[in-house]
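A.B. asks: Predicted model and sequence follow; I will ask about them next.
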Amino acid sequence: MSNRTTILVIGAGPCGLAVGAAARAAGLSCVLLDKGPVVSSIERYPIDMTFFSTADHLEIRGVPFITDSDKPTRSQALKYYRRIVEHFGLDVRQYEKVIRVERLEGEFAVHTHRADGSERSYRADGLVVATGYFDTPNLLEVEGEDLPKVTHYFREPHRYFGQHVLVVGGGNSAVEAALTTWRAGARVTLVHLSDDFDRGVKPWVLPDIRNRLTSGEIAVAWGSRVIAIEPDRVRIDPVNGGADRWVSNDFVLAMTGFRPDPRFLAALGAQIDSTTGVPEHDPETMETTVPGLFIAGVLAAGFDANRIFIQNGREHGDRIVDSLRMRLVDGVLPLE
């Protein structure tokens, strides 16, 4: 396989795949690299998760996402995005981690480490960073957060049967983790900084969780935060006054969300707004302040990760590819 390409995409999530599909439609060579499998963030979602978005909002380049219900499941999404790779014949190189990128005159040199231990290098005219945010959780930043019993990723509830589980957060992930672990036989306490659930919680889930709280089947500490974690207990502090307290605990599910990590872009010279975390870029082309370096997907949202989803991040592919295609037409990039 050739290691020279017009476009190289770091990240094979839905928005990265959208770049690859747009490049295929434009007749431009494109290689996608991912340190994990295709759409690895979705693969790490809770096993029984149902999307908030309808299937049409997850589609790429008009390929129908057909489901047996209005809201697709994780399993259906994984199947759909595998189909996208096959349908467009995308050159996706899985389990290949980018370890170093060099800016050369008019191009980028990308060096990777493969699963078999070997290394590989690529040259690309345009580099697209579509790494998402799932590798960078919002930390509690408290003593004990590094204990093995603490996780920012929830997959399935079986392991929590008969255990004291503390769920931190008030969004969709926290609500679903609380409900599913409770149904699996866990003793659940929910802790949230606010006095109610986040506005974006799925409306069909709210009655269920509210009924569990009202009945006392799931305990809740509104307006509170975790301030310390020990092997057998967790310390909870009311933010508006009152005495803190310890609760018995076996596992902590910190469902505090994620944020994009712009350090990779900054290392390449891209300008990042220190307040918003948004890389400076042209919204019409998604090009950063570094010529030939583009962003796709949630990276463009900075610290406000809830501003960009698959449904609007997938549009970035066409903008990026149109920009690079016009440079080819104008002779700015070498013709293949």
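C.D. replies: Cool, the structure landed.

A.B. asks: residue boundaries of the helices in the stretch 151-300 of the chain?
C.D. replies: 172-183, 206-215, 263-267 (DSSP state H, counting those that start in this stretch).

A.B. asks: Which among the ones you listed is found nearest to residue 253?
C.D. replies: Closest to residue 253 of the helices of the stretch 151-300 of the chain, according to CB to CB: helix 172-183, at 5.0 Å. Where C-beta positions appear, they are placed from N, C-alpha and C, glycine not excepted.

A.B. asks: tell me the angle of that closest one relative to helix 206-215?
C.D. replies: Put simply, helix 172-183 runs at 60 degrees to helix 206-215, going by axes from the mean of the first three to the mean of the last three CA atoms, to 10 degrees.

A.B. asks: ok, residue 280 - contacts?
C.D. replies: Going by CB atoms under 8 Å, 6 or more residues apart in numbering, residue 280 touches 270-273, 288-289.

A.B. asks: Can I get those in CSV including distance to residue 87, neighbour count and pLDDT?
C.D. replies: CSV is the format used below for these (distance: CB to CB, whole Å; neighbours: other CB atoms under 10 Å; pLDDT from 0 to 100):
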residue, distance to residue 87, neighbour count, pLDDT
270, 32, 19, 97
271, 37, 15, 97
272, 35, 17, 96
273, 37, 12, 94
288, 30, 24, 97
289, 35, 15, 97
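
A.B. asks: quick one: which of those is nearest residue 66?
C.D. replies: Nearest to residue 66 among the contacts of residue 280: residue 288, at 36.5 Å, using CB to CB.

A.B. asks: which residue sits closest to that closest one in space, ignoring its chain neighbours?
C.D. replies: Distance criterion CB to CB, 6 or more residues apart in numbering; nearest residue to residue 288, sequence neighbours excluded, is residue 270 at 4.2 Å.

A.B. asks: same thing with residue 213?
C.D. replies: In space, residue 213 is closest to residue 220, 5.0 Å off (CB to CB, 6+ apart).

A.B. asks: Tell me which residues of stretch 109-128 come out buried.
C.D. replies: For stretch 109-128, the neighbour count (16 or more other CB atoms under 10 Å) marks 110, 112-113, 122, 124-128 as buried.

A.B. asks: meant to ask about stretch 154-171, not that
C.D. replies: Under the neighbour-count criterion of 16+ other CB under 10 Å, stretch 154-171 has 154, 157, 160, 163-171 buried.
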